[in-house]
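Trainee: okay, here's the prediction I keep looking at, along with the sequence it came from:
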Amino acid sequence: MLVALYRTREESRKAGVVHKTPPELMRGLLAVWLRWFPQRKTVFAGDGGFATHELAGFASRHKDCLTLVSKFPPDAVLHDPPPHRKPGQNGRPRVVGMRLPCPRDVVASSVARKRLTVKWYGGGTRRIEVITGTAHWYRQGQGLVPIRWIHVRDLTGTHRDEYFLSTAVRMSLKRIVEAFVGISKSRLKKRESTRDWRRLVDDAATLLCVSNHACSASTRSPSTGSITCPGETEKLFAWTGPARHPSPSLTL
C-alpha cells in the first residue's frame, strides 16, 4: 500500500510547499511503483477524480508496463492523429488531425450496441450494453493521448450509464469494465472491515492499493531499488479520502 497526504491550497501555502492535486500525487506514487516493479504489467483503476489528461499521458508514455482505466468525460475533445507531412512541405507541422465527435454524440447517434456479461459491484454479474471507439484525447498544450472509450448501460439493474477510458486501445471491453467495477467491498472485507479501511485513509487523500496477491518471493535490487516479483498483471485501485469526499468508497 502506498499513501500520499493531500493538502488543500491553503494548507500547502501555510506549510510552504507546492500544492499538488490528487492526480499529481498519484502520478508520483505510480512512478514509485514502476521503479519498484519495472518488469510487471500494471492496470491502474481510479475514480473520476483521476481521469485527467495528464495522468492518461503518463500512462501512455509508460504503455509497455502501465494502463490507466478510469471514468471518462462524455464531452471530451477527440481527434485523429495529425497527418504525415509530405516531402518538401513547408510550415509548422500539425499538432492534431481531424476533429472527431465526442463520446456523447457518438452514443446519441449509434444504434448498434454490443452486449456483455461482466463482473459487477458487490461480487455479482450484470448484463450490459456497450458502445466504444478509439481516438486521441486532446488537451491544448499537452498533446494527444491515444485512448479507447466505452459507454456502458446496465441492462439488469438500475446503475446509471457510465463512460470509461483505457489507455490500452487493444484492451478488451470486458476487461476494461471489470478492471473498474470488478473489485468490491465484499471482497475487501475478507481482509479487513470497511471501518478499518476508512480509518487508514482518514488523513489521506490518495491511496494506491495492490489488490492481487502479495509478492512472497520478491527480491530487491541494491543498485536500482527495483523489486523482482514473479506473477501476472497487477491491478491497482485508488480512492480519495475525506479531504475530497466525506464518505470514501473502497471501489472507485
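Mentor: Noted; the coordinates are in hand.

Trainee: hey, which helix or strand in this protein has the poorest pLDDT?
Mentor: Of all regular secondary-structure elements in the chain, judged by mean pLDDT, DSSP states H and E, the least confident is helix 185-188 with a mean of 43.

Trainee: you'd agree Phe58 is in a helix?
Mentor: Yes. Counting by DSSP: H, G, I helix; E, B strand; the rest coil, Phe58 falls inside a helix.

Trainee: thought it was touching Met26?
Mentor: No. Under the criterion of CB atoms under 8 Å, Phe58 makes no contact with Met26, lying 9.1 Å away. Just so you know, the C-beta spots here come from the backbone N, C-alpha and C atoms, and that holds for glycine as well.

Trainee: higher neighbour count, those two?
Mentor: Taking other CB atoms under 10 Å, Phe58 and Met26 do not tie; Met26 has more neighbours (28 against 23).

Trainee: quick check: the more buried one vs Pro103, distance?
Mentor: The span separating Met26 from Pro103 equals 23 Å under the rule CB to CB, to the nearest Å.

Trainee: return the per-residue confidence for the closest residue to Ala4 other than its chain neighbours.
Mentor: Closest residue to Ala4 apart from its sequence neighbours, by CB to CB, 6 or more residues apart in numbering: Leu25 at 4.2 Å. What the model reports for Leu25 is a pLDDT of 89.

Trainee: pLDDT below threshold where in the stretch 51-200 of the chain?
Mentor: Counting by pLDDT under 70, the stretch 51-200 of the chain shows low-confidence ranges at 182-200.

Trainee: okay, Gly97 and Pro73: tell me how far apart.
Mentor: Note on Gly97: its distance to Pro73, by CB to CB, is 20 Å.

Trainee: ok, now how distant is Ile131 from Asp161?
Mentor: The separation that Ile131 has from Asp161, given CB to CB, amounts to 10 Å.

Trainee: kindly apply the preceding question to Phe58 instead.
Mentor: When Phe58 is compared with Asp161 (using CB to CB), they lie 28 Å apart.

Trainee: show me which of Ile131 and Asp161 is the more surrounded one.
Mentor: Per other CB under 10 Å, whichever of Ile131 and Asp161 has more neighbours is Ile131, with 21 against 12.

Trainee: pull out the buried residues from the helix or strand harbouring the more buried one.
Mentor: Applying DSSP states H and E as the criterion places Ile131 in strand 125-139. When neighbours are counted by 16 or more other CB atoms under 10 Å, the buried residues of strand 125-139 are found to be 126, 128, 130-133, 135-138.
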